[in-house]
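>>> coords below, sequence missing:
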């Protein structure tokens, strides 16, 4: 069945690509089919209570790279959110791009690609499956955020998001390696049940979660990602992308139940993020940014709860996941509609919206009330669960969690209040907003998701039927909990009431003061820090490269020679002179010294003639040595070659000055030093390797075979043309290519215009 | 390449040409039993070409075909064993009677060496043409910066 | 039969070269002949892969001489695995070259085909040879044709960079010969199996010295730290087709030989040194790529960084490490080739590969964006592409070997690679097109040929990704053979 | 192997390396020619003691000079001969383009370094 789900998506991708050639709306409608079908499947499976279905496919056995999927209650709950909201977003997008008459494949295909990545992530049952789809979401969201090609800020934002989430991906990879090594299995079920994970794994996984779910200090990409088209924001920041981190935290959480590192790190980061996100949201005027920082705040809440990890906390976290997906997507969708129809998202310019866009305003209020956790909406029940979970804790843990969750809730109420109050304020100068025509394709999806918040509260039993089994899967203790429509006069309710009271007071205060004094723009500190660190990396890279890549051949060669000396040094312990004699014959020594002397003269050579003389002298002495060694072939060839080379040397550089340019003094001592060391190194290596040879040449075989099989008396020639004829073949081809190359170069000289 | 106009050079090169050619051919055939061989022979024959060029005599002006032929011979000799069922470079030895050298027991190896000679001569000819000063003056350095 | 396949791989391209050189003026015929030679080699190498996989190592004694006297070619799993990838890549690049030739950016058509033939033979011989000196000759075949390919247009940039390239490699060749002298002095043979057999009897310092010496020699070809400087200076100046072959193959052949030789001589003691070098290579290469602002130069530096990963796999001297290095090698060849081919197409589209003068190709040529994205993601080590498997292989091998250094550096290197890839992406494909668009005029059919060649190469990377599992199995078998030189020695001498 | 040969190898190598690290191409070419000699000498020296020329009809297995490194050295000579010629051709082209035979630095590297 899972295979079928993915197959439908593949068909959808192809279909969208085909339809996209004609019109983007068509493509988006086609693309909506696959998520819609998936939603139906997930809902049906959840309600029927069947055994979970699974699927798997082996990719690389050696590395345990196997795609394994399991549609358990948690996965199905997430599927419902991912695909359900996905289908609505596609419909919405077809309204969003209504004026865009041109065909476009890019947007529908990438968005559906993102959707299927997310689906894979929530259905995954092995760590590598999780990782693969995790990375997919990073890439596809990069493309989605940077969708507006002509907007450099969008691309900057996309880049930043990819860098941060990409770094998180690496952290996840490392964390999963440690985790699977600790546990000895790649299956999520085994890992969740193991409780053996090390602190290192905890830190690495939490870093990954933090980048993806926009926790401090990695949250800076999320507000920037608002440069994406609104359907993307609605989808990525309500039910999907940002929840990926939460999903991973939830499914791996079992392994870290006893981990202090996991709990404290998650708790502190989560609490801090909740407060910071809420605080910054209060200062925003761009509706989309309010929602973005609000999302950060809510994600902090989720991380706090999952880090606490008690059965009640897990249950509360999942409830918030559901509620948040609904109200946040509704808000984003409605903001996108406002943006498209009025041309602005600025709170200051949207006063009186309740008159010009009543439907949108109602949707915003419905979703906002849910977000603030006020009955009769789903957000209320979810927040109650969270507060109850905190009240069950004890000690410092309770204090931190309490500050995070209750403080975050206060701020949430405050910014929600401020936003809604801002929208319903009467415009001072009596100006009304001019809004474009109502677009059903945009409005209907937002009405549906916002309405679900209300319906969900009314039909809380159904929601319980979804959330409780899912939470039980993550933490067996969650089975006893359910969301309550009205908990009675409990401590939790008192706390909630206080939250609403304090929050709305703050919100009201800010709303009033705003009309008089304008709050300054928030400092995008985090964005600046992350950009600065990327810049730092770039600067560092330039500095390193400037060091190692001088562009100067002599420096390269000196470096290489230096490594040669180091390599030769390895022979050092084996160097011995006991097996060496001065010379086999006195003439040999004389010729050796003569060669050395002629070579030494080469250091000083200043003229081309001098060079030719050096070469000639060395060549002749070499030939003499070869005769002595019993190598007449070598002697003959050496003489002939030397002649040709000397002639070539003298004539080939015909246009050059007869004298060489003066030796530059700068590097002289370095060059001399390295050169001498190289010479010594080669000599040392030769002396060492010839000290105790472990084999010798088969003289008798060679003599016999050369005549009998090779049919020649000159063994060297038989070797060259028969035994090692392949080498000779290669050698000849080398010469042929040189000839071709020389001809080609000569041709470019004759027609200089053709060169380059 | 330096070009001599002196008639003495001219005549002596003319006279030396056949001698050097004979020396080259000797090295070629002797190679299998005596010092020598295809490469040395090629160099000597190539030197003849150089001498002729110095003397202003006619020299070949395109070596590509020569080079390609030499290579083709070598590749063919290498591949030929496939025909008689062996694999690669399995030399066939046959006995030959040559007037000047007596009995020569060599077959495909000799052909192989012939390929070497052709390529070496080709290389030297191309060098001669390639390194010869062409009819142009050195350009100013700025002329041909990359575009 | 297996022997015939080997002969075809070696001589097919050379025969095509001979014919190609003589057919200078018959452009079409020349192309057909070259393609035929290269296709024959590619087909034979694929057949060879299956033959070796099913029947095990095959040893071809050339001229039927015993290994003490003659040369042997050894087709073991490692060789058989790498060979077809290399051959197919060259074939595809030649297709691209035929398309590109008639544009201003193309290389000289009379030479590219024939010289690619020589290069192919050199690559094949390097992969197959079981003889150290023949390896030297094979290297020279590759190098000399690369020298000419790089410089034959005679432009000032090309001569300047060609000079660096030629001189550095000439020095490396000299060092190679010195190394052969040491080996011969120590063991009296240049046959690699005999050498491996006789090496353990030597003084430990000599063994170590030979290992270190050849690390420098092969390391220069493979472009490891600090011997890589020639690469980024020379590669970007050549015509695309040539750079694609160089980047895709030549350094990888250096790496191939390094893996083979250092496993054969059991240079485990050099392991820690190699691992250190690998780490620095990865980082310096990635930094280099970040610092550049030209597509071809960025890609050139990536070659270095990626070599570091393979070197890391080798340096661990475990079966898992070697397996990962081999897999990485196989993955990297086609990926790098596609990237350079795409680089060429980018040049064609906008007249430059400079990032600052590029932009907006996404809308003008979405297909090109796709061709870039797939190998780029693969190179950065992202799933579901082969690069992910290869990188994970290296990292998990390092993890098992407790090499925290490699795990960390490999992860960070991946991030830096991704960073520089997105730099290309946002510079070339996003943004607005430059004002002074300077499209290189190319006929429709030429463009089609170039695009399909690039598409074909992308296809190869996808095939490698899909079959990463079985490639990894074969890599593991190859690594196992390499880790136990006894089997190699037995096969050659037995 | 004898000290006499080693002196020659060492001297040729040192001078060769010294010359190739120069900026003048003529010196580089000269350096490679000397390095080529050093290598050939090293190969021959690696073959062991001197002996009779390896002509099968004139020597015995006891007195023969090792022919294998001779053959290898011959191949090496030929290849380095070819490459030296190619370097010459390159140098010539360089000199046509720039008027001198100095190796230039890479411009792009210099730009990054700034």
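Happy to help now that I have it. This one's a predicted model, so the numbers in the text were calculated from it and none came from an experiment.
>>> Report the contact partners of residue 108.
The chain I'm using is chain A. Residue A:108 sits next to A:16, A:17, A:19, A:20, A:24, A:27, A:28, A:30, A:31, A:90, A:93 when contact means CB atoms under 8 Å, 6 or more residues apart in numbering or on different chains. Placement of C-beta: from N, CA and C, glycine included.
>>> wait, chain D
Contact analysis of residue D:108 by CB under 8 Å, 6+ apart lists A:551, C:233, C:236, C:292, C:294, C:297.
>>> Take these and keep only those in helices.
Counting by DSSP state H, the contacts of residue D:108 place C:233, C:297 in helices.
>>> Now that we have the contacts of residue A:108, which of them are buried?
The neighbour count (16 or more other CB atoms under 10 Å in any protein chain shown) marks A:16, A:17, A:19, A:20, A:24, A:27, A:28, A:30, A:31, A:90, A:93 as buried among the contacts of residue A:108.
>>> now the helix or strand where the last one lies, how far from the centre of its chain.
This points to residue A:93. In this structure, residue A:93 sits in helix A:73-96 according to DSSP states H and E. From the chain centre to the centre of helix A:73-96 is a distance of 25 Å (CA atoms, centre = their mean, to the nearest Å).
>>> And for stretch A:35-55?
On the basis of CA atoms, centre = their mean, stretch A:35-55 sits 31 Å off its chain's mean C-alpha point.
>>> do stretch A:438-453 as well
34 Å.
>>> Check stretch A:65-78 too.
Here stretch A:65-78 is found 23 Å from its chain centre; the criterion is CA atoms, centre = their mean.
>>> could I get the buried ones among the contacts of residue A:108 as CSV with distance to residue A:279, pLDDT and secondary structure?
Formatted as CSV, these follow (distance: CB to CB, whole Å; pLDDT from 0 to 100; DSSP: H, G, I helix; E, B strand; the rest coil):
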residue, distance to residue A:279, pLDDT, secondary structure
A:16, 41, 89, helix
A:17, 44, 88, helix
A:19, 45, 86, helix
A:20, 42, 83, helix
A:24, 39, 84, helix
A:27, 41, 87, helix
A:28, 37, 88, helix
A:30, 43, 89, helix
A:31, 38, 90, helix
A:90, 34, 91, helix
A:93, 32, 88, helix
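>>> Pick out the residue closest to the middle of the chain.
You didn't say which chain, so I picked chain A. For chain A, the residue nearest the mean C-alpha position is residue A:166 (2.2 Å; CA atoms, centre = their mean).
>>> Correction: the question concerned chain D.
Nearest residue to the geometric centre of chain D (CA atoms, centre = their mean): residue D:36, 1.2 Å.
>>> Mind telling me what element it is part of?
Here residue D:36, judged by DSSP H and E, is contained in helix D:25-46.
>>> do that helix and chain A meet?
Yes - using CB under 8 Å from any CB of the partner chain, helix D:25-46 comes into contact with chain A via D:26-27, D:29-30, D:33-34, D:37-38, D:40-42, D:44-46.
>>> Among those residues, name the buried ones.
When those are checked for burial by 16+ other CB under 10 Å, the buried set is D:26-27, D:29-30, D:33-34, D:37-38, D:40-42, D:44-46.
>>> thinking again about what came up before, and the helix holding residue A:93, what other elements does it pack with?
Secondary-structure packing of helix A:73-96 (3 or more CB pairs under 8 Å, 6 or more residues apart in numbering or on different chains; DSSP states H and E): helix A:24-48, helix A:106-123, helix A:230-236, helix A:241-252, helix A:311-342, helix A:440-458, helix A:460-474.
>>> Next, the angle from it to helix A:106-123.
Comparing the axes of helix A:73-96 and helix A:106-123 via axes from the mean of the first three to the mean of the last three CA atoms, to 10 degrees yields an angle of 170 degrees.
>>> tell me the angle of helix A:73-96 relative to helix A:311-342?
Using the same axes, to 10 degrees, the inter-axis angle of helix A:73-96 relative to helix A:311-342 is 10 degrees.
>>> The closest residue to residue C:313 other than its chain neighbours: what's it in contact with?
Take residue C:313 and drop its neighbours on the chain: the residue closest to it by CB to CB, 6 or more residues apart in numbering or on different chains is residue C:325, 2.9 Å away. Contacts of residue C:325 were listed using CB under 8 Å, 6+ apart, and they are C:255, C:259, C:309, C:310, C:311, C:312, C:313, C:314, C:394, C:479.
>>> mind redoing it with 6 Å?
The neighbourhood of residue C:325, defined by CB atoms under 6 Å, 6 or more residues apart in numbering or on different chains, consists of C:259, C:310, C:313, C:314.
>>> ok, the last one touching residue C:259?
Spelled out, that is residue C:314. Yes - at 5.2 Å, residue C:314 counts as touching residue C:259 under the criterion of CB atoms under 6 Å.
>>> Helix or strand with the lowest mean pLDDT in chain B?
One helix or strand of chain B scores below all others by mean pLDDT, DSSP states H and E: strand B:102-105, with a mean of 51.
>>> which is the next helix or strand following that strand?
Defined by DSSP H and E, the subsequent element after strand B:102-105 is helix B:108-131.
>>> Name the surrounding residues that touch that next one.
A:652, A:721-722, A:732, A:735-736, A:739, A:742-743, A:746, B:38-39, B:41-42, B:45-46, B:49, B:53, B:60, B:63, B:66-67, B:69-70, B:73-74, B:77, B:91-92, D:85, D:89.
>>> Please name the residues that touch the closest residue to residue C:46 other than its chain neighbours.
Spatial nearest neighbour of residue C:46, excluding adjacent residues (CB to CB, 6+ apart): residue C:84 at 4.6 Å. Going by CB under 6 Å, 6+ apart, residue C:84 touches C:45, C:46, C:49.
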